[in-house]
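K.L.:
sharing a model that was predicted from the sequence below.
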Amino acid sequence: MVPLLRARLVRSASCAGVAALATTGLLAVAACSARETTAADGPTASTAPTSSTSASPATAPATTAAPSTTPGTAAPSPADDEAAVLAAYQGFWDTWLQANDPPNPDHPGLARYYAGPALEKARAEITKNRQSGLLLRRPASSSFGFQTPSIEINGASAILTTCLVDDGLVVLQSSGAIVDSTVVNSDIEAHLTRSTDGWKVSENRFLEKRSGSSCP
């Protein structure tokens, strides 16, 4: 098998119609919807400064302005955070598929949804695919999908675990010939970090890979 990333389409109870391709150490997918929130989101308050006027004994007492507050932005709920993590993971796989058909290591989505080691590895793999004349894409009738993921969030870090079924194709760009059509299922652990423009995948680990289209 050509050592390339392959993509998959993610399906779950709340995440339908997701697509992507997976590979050795990275994987491509599309997951569900929702928008990102930043670590800076949280309650804020602005208090007006207090002012006073001094007076001589013969004048009326000074008056002090009462402080006023402006309601701040409510902190995101755990459900909102989980939805944002899922949306970022969907963006991660959407971008992987788009950036490999045809291969483009400068695809703008890479900087948006990838970070750290994941970004470096993705660009290296996409560059290798371009030099080799290879594309990554789903078959016409794809059985790609992943189980409803487990998400753990701790401040600005999140871990998403799931099982993915990968039936993506590796295609020769010059002729359209299929180079690899192996179907596998894999246990995956994705690490995400929250940045100023949303959640990003910093690592996408394959814990165990098996042949076949059924997760255990």
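P.N.:
Ah, there it is. Residues are numbered from 1 along each chain as shown.

K.L.:
quick check: bridge partners of the spatially closest residue to S214 that is not a sequence neighbour?
P.N.:
Leaving aside its sequence neighbours, S214 sits nearest to N185 (C-beta to C-beta, 6 or more residues apart in numbering; 6.5 Å). Using the backbone N, CA and C atoms, a C-beta is placed for each residue, glycine as well. Counting by DSSP bridges, N185 forms beta bridges with V165, R210.

K.L.:
quick one: N185 and I151, what's the gap?
P.N.:
Remark: distance between N185 and I151 (C-beta to C-beta, to the nearest Å) = 20 Å.

K.L.:
setting aside sequence neighbours, what's the nearest residue to T193?
P.N.:
Per C-beta to C-beta, 6+ apart, closest to T193 is S202, 5.2 Å.

K.L.:
coming back round to it: have a look at N185 and I151 and say which one is more surrounded.
P.N.:
N185 (24 against 19; other C-beta atoms under 10 Å).

K.L.:
list the contacts of that one.
P.N.:
Going by C-beta atoms under 8 Å, 6 or more residues apart in numbering, N185 touches 163-166, 209-210, 212-215.

K.L.:
save those as CSV, and put in distance to G116 too.
P.N.:
Shown next, in CSV, are the contacts of N185 (distance: C-beta to C-beta, whole Å):
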residue, distance to G116
C163, 24
L164, 21
V165, 27
D166, 23
K209, 23
R210, 28
G212, 32
S213, 31
S214, 32
C215, 28
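
K.L.:
which of those residues tops the neighbour count?
P.N.:
Neighbour-wise, these (other C-beta under 10 Å) top out at D166, 30 neighbours.

K.L.:
show me where the protein has helices.
P.N.:
Applying DSSP state H to the chain gives helices spanning 78-99, 108-113, 116-132.

K.L.:
in stretch 98-110, what's buried?
P.N.:
Of the residues in stretch 98-110, 98-101, 103-105, 107, 109-110 count as buried by neighbour count, 16 or more other C-beta atoms under 10 Å.

K.L.:
ok, T161 - how many residues close by?
P.N.:
Residues lying near T161 (other C-beta under 10 Å) number 15.

K.L.:
err, A124, not the other one
P.N.:
A count of nearby residues for A124, using other C-beta under 10 Å, gives 12.

K.L.:
for it, give me its contacts.
P.N.:
By C-beta under 8 Å, 6+ apart, the contact set of A124 is P105.

K.L.:
separation between it and V165?
P.N.:
Distance from A124 to V165, by C-beta to C-beta: 26 Å.

K.L.:
same deal with D101?
P.N.:
For D101, the distance to V165 - C-beta to C-beta - is 20 Å.

K.L.:
P149 touches L86, doesn't it?
P.N.:
Yes: if you go by C-beta atoms under 8 Å, P149 and L86 touch, sitting 7.2 Å apart.

K.L.:
mind checking which of these two has more residues around it?
P.N.:
When P149 and L86 are compared for neighbours, L86 comes out ahead with 26 against 23, by other C-beta under 10 Å.

K.L.:
state the distance from that one to G116.
P.N.:
Per C-beta to C-beta, L86 is found 20 Å from G116.

K.L.:
same deal with E82?
P.N.:
Going from E82 to G116 by C-beta to C-beta gives 22 Å.
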